[in-house]
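> here's a sequence, model it:
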Amino acid sequence: MNSPLTSDVAQPERGRVQRVLTRLWMRLTASQGASGLLGPLLLIGTLLFNIVALLPSLANDSPNLNDHVFHLLNLQRTVDAFRAGQDPTDAWQRAIGMGFPIFHYYQHLPYLIPAIVHLVSGVGMVLVFRWTNYLLLCVFPLSMYWAMRKSRFDRTEAGFGALVSGLIATNGLYGLDLTSYIWSGYGLYTQLWGMVLLPPALAACYVVMRDGRGYGLAALLDTALQAHLAGKIDEATAAYKQVVAKCTAQGHW
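The predicted structure is shown next:
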């Protein structure tokens, strides 16, 4: 049991600690100037957590038991098309049934970047695929933070948005949660590209509606989003052409 003397000594000490913590919190949560540190710290902490927590998915050499099998087939076909001098966006997928024009009906853009990295660097195709999946998962909080800042949220709000972005979860609905993308989940690789592009695309469209500028970035992000998330290449291209025509006519580039 504390004596009255000990209690009297502890009261001023607690007051000083509370004042220090209050000043520290006010400094961290300041939304303007260089003193707004909490938001960036939350973002950095979230990114570091993802890098460490998702590392097992990168190091896992077990055979794929989900849609990654399908995506690796498509990536291999894209690589073969590059090597043969064919169009990598319209290659015949001979590994499915008796052959199928897969990229007439399925998004092809997510395979181009890893295929080029594999061909240029010489790193194994499967390893490049794993690293691409891993890095996209890791940087999703950064995508959310950037989008919220473009939408005029302050640093602290954007930092908390980045923090909770990894907590999205669905009950087996193939949504924007980790289960949809990791080895023990569904392996929705192309949707992962769409998930990362979704917040910037929405933010860019918001900037267009708010300020009447940035049409080019909004059109580019929206086209990429539709091509990765919905897989509607022709519709996305048509929408992009309409926006380009409007921007050119109104001089909004």
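> quick one, strands of the chain?
With DSSP state E, there are no strands along the chain.
> show me where it has its helices.
Assigned by DSSP state H, the chain shows helices spanning 4-29, 38-53, 55-59, 68-83, 109-121, 125-150, 155-165, 189-211, 215-225, 233-250.
> I'd like those as CSV, with mean pLDDT and mean neighbour count appended.
Yep, even glycine has a C-beta here, placed from its N, CA and C like the rest. Listed next are the helices of the chain as CSV, based on pLDDT from 0 to 100; neighbours: other Cβ atoms under 10 Å:
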stretch, mean pLDDT, mean neighbour count
helix 4-29, 62, 10
helix 38-53, 93, 17
helix 55-59, 86, 13
helix 68-83, 95, 19
helix 109-121, 94, 18
helix 125-150, 94, 20
helix 155-165, 93, 21
helix 189-211, 86, 20
helix 215-225, 72, 20
helix 233-250, 55, 14
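> wait, which of those is closest to Met98?
helix 68-83 (14.7 Å; Cβ to Cβ).
> packing partners of that closest one?
On a contact count with 3 or more Cβ pairs under 8 Å, 6 or more residues apart in numbering; DSSP states H and E, helix 68-83 meets helix 109-121, helix 125-150, helix 189-211.
> just how off-centre is it within its chain?
22 Å (Cα atoms, centre = their mean, to the nearest Å).
> which stretch among the helices and strands packed on helix 68-83 comes nearest Glu157?
Closest to Glu157 of these, according to Cβ to Cβ: helix 125-150, at 6.5 Å.
> quick one: list the elements packing against that closest one.
Helix 125-150 packs on helix 38-53, helix 55-59, helix 68-83, helix 109-121, helix 155-165, helix 189-211, going by 3+ Cβ pairs under 8 Å, 6+ apart.
> kindly recompute the last result at 6 Å.
helix 38-53, helix 109-121, helix 155-165, helix 189-211 (3 or more Cβ pairs under 6 Å, 6 or more residues apart in numbering; DSSP states H and E).
> CA atoms only for the shortest one, dumped as CSV, please.
Think helix 155-165. Extracted in CSV, the C-alpha atoms of helix 155-165 (Å, rounded to 0.1, in the frame of the first residue of the first chain):
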residue,chain,number,x,y,z
ARG,A,155,-1.9,13.2,-42.8
THR,A,156,-3.2,11.6,-39.7
GLU,A,157,-6.5,10.5,-41.3
ALA,A,158,-4.6,9.1,-44.3
GLY,A,159,-2.2,7.3,-42.0
PHE,A,160,-5.1,5.6,-40.2
GLY,A,161,-6.6,4.8,-43.5
ALA,A,162,-3.4,3.0,-44.5
LEU,A,163,-3.3,1.3,-41.1
VAL,A,164,-6.8,-0.3,-41.4
SER,A,165,-6.5,-1.0,-45.2
